[in-house]
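Asks: The following block contains a protein sequence and its predicted model.
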Amino acid sequence: MDNTEKAVLIAILAVIAGLVMYFELRFMRSKGFGKRLVENAAKKDRAFNALLTTKAVRNKLRSQNYNTMKADYIIQKAQEANESGDYDSCIDACARAREELMRCKQEGEMALASSGPTDEAMGTIVEDESGPGHERKLKIPPRPKEDPSLPARFELRTAKDDLASFAGPVETRDAARALIDQAEKHLEAKDYAKALSCSYKAKKLLSGEPVKDVRPGPVANVQPSSSTTKEPAEPSGQAEPSKLKCPNCGYEIDPGDVFCGQCGNPVGERKCSSCGAKLKPSDKFCRKCGMKL
């Protein structure tokens, strides 16, 4: 066998080996690809079903006036994951949303206001027999008044939850607890604006955000609610002008004072004693936190 025949034989063997490897790899690749297709289709179906059932549970609880705000946010994330093809994240998010909905139902966490019209709010159709042809009119019942204490109660409850899970410095914990105690006192006195402000400041402290005019020590000595210390309002006559207070300690000062007579803090400009926002001389309520001055 000469060199030419050897070369031809080697070439034929190489071609045969290449074809064998090609078909084998193609078969293995196609088999794995088909398996992945089946698994992906199954995940897609599970994600779709999980999203559908979770939304149904959410809508049912929402119609019963439960607070589904947290679950709505998680469901929105699940929807985005499903649209992007991340079905595993969608399924996990739906599971977390269902847990949140079950927690909401077990704890009886009601919404601040109804998220959608109910059958009663839609009204009823009545016939007006006095008009020609017995006209049919829609009779809408008056809208029930919302409880003004609900926002303050909601913020106070979330502040207590944050305090229970807080693992930071003891000074911060004590300051937040003092603010929460003060918020409860304001809430009992029906001073909802101050209760809301104290709860909000406690949440900011626990989250690590800076809070103006709040120190861990003297927070517990905050003056009690204005609604419990104020004298009864006069039945007639012009309202008493707003009194200036030191933004550091809350001590009453005169308009011409440059320093506070209690703590010596400069009082060149008027500030809210609750949040530290700048105020105009004629303001009776804080423009930032709504506190009555």
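Replies: On my side now, so go ahead.

Asks: Where does V211 sit: helix, strand or coil?
Replies: Classification of V211 using DSSP: H, G, I helix; E, B strand; the rest coil returns coil.

Asks: How many residues are close by G208?
Replies: Residues contacting G208 under the criterion other CB atoms under 10 Å number 8. Bear in mind the C-beta positions are built from the backbone N, C-alpha and C, glycine included.

Asks: where's it relative to V38, distance?
Replies: Computed with CB to CB, to the nearest Å, the distance linking G208 and V38 is 48 Å.

Asks: likewise E171?
Replies: Per CB to CB, E171 is found 58 Å from V38.

Asks: Might you list the low-confidence residue ranges for the chain?
Replies: Scanning the chain with the threshold set as pLDDT under 70 gives 1-2, 27-37, 109-147, 212-243, 247, 255-256, 258, 266-270, 281.

Asks: ok, which stretches of it are helices?
Replies: All helices of the chain, identified by DSSP state H, fall at 3-63, 69-83, 87-107, 119-122, 150-164, 170-188, 192-206, 226-229.

Asks: between those, which gets nearest to C260?
Replies: Closest approach to C260 among the helices of the chain (CB to CB): helix 226-229, 19.3 Å.

Asks: Can you tell me the closest non-neighbouring residue to Y251?
Replies: Among residues not flanking Y251 along the chain, Q262 sits closest, at 3.6 Å (CB to CB, 6 or more residues apart in numbering).

Asks: Touching, that neighbour and K245? I think so.
Replies: No - contact criterion CB atoms under 8 Å: Q262 and K245 do not qualify, at 10.1 Å.

Asks: out of these two, which sits in the busier spot?
Replies: Counted by other CB under 10 Å, Q262 and K245 do not tie: K245 has more neighbours, with 20 against 13.

Asks: Once you drop chain neighbours, what's closest to that one?
Replies: Spatially, and ignoring its direct neighbours in sequence, K245 is nearest to S273 (5.0 Å; CB to CB, 6+ apart).

Asks: So the one you found versus C246, what's the distance?
Replies: Distance, S273 to C246, using CB to CB: 7 Å.

Asks: which neighbours do Q262 and K245 share?
Replies: Both Q262 and K245 are contacted by Y251, under the criterion CB atoms under 8 Å, 6 or more residues apart in numbering.

Asks: Now for K201: which residues touch it?
Replies: Contact analysis of K201 by CB under 8 Å, 6+ apart lists L179, V211, V214, S274, C275.

Asks: closest to M102 among the residues you listed?
Replies: Checking the contacts of K201 against M102 with CB to CB, the nearest one is L179 at 31.2 Å.

Asks: The residue lying closest to N82 once chain neighbours are set aside - how many residues pack around it?
Replies: Leaving out its chain neighbours, the residue that sits closest to N82 by CB to CB, 6+ apart is C90, at 4.2 Å. Under the neighbour criterion other CB under 10 Å, C90 is assigned a count of 26.

Asks: Please list all residues in contact with C90.
Replies: By CB under 8 Å, 6+ apart, the neighbours of C90 are A47, A50, L51, A78, Q79, A81, N82.

Asks: could you dump those residues to TSV with neighbour count and distance to L279?
Replies: Compiled in TSV, the contacts of C90 are given as follows (neighbours: other CB atoms under 10 Å; distance: CB to CB, whole Å):
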residue	neighbour count	distance to L279
A47	23	53
A50	21	52
L51	21	49
A78	25	45
Q79	16	44
A81	20	47
N82	20	49
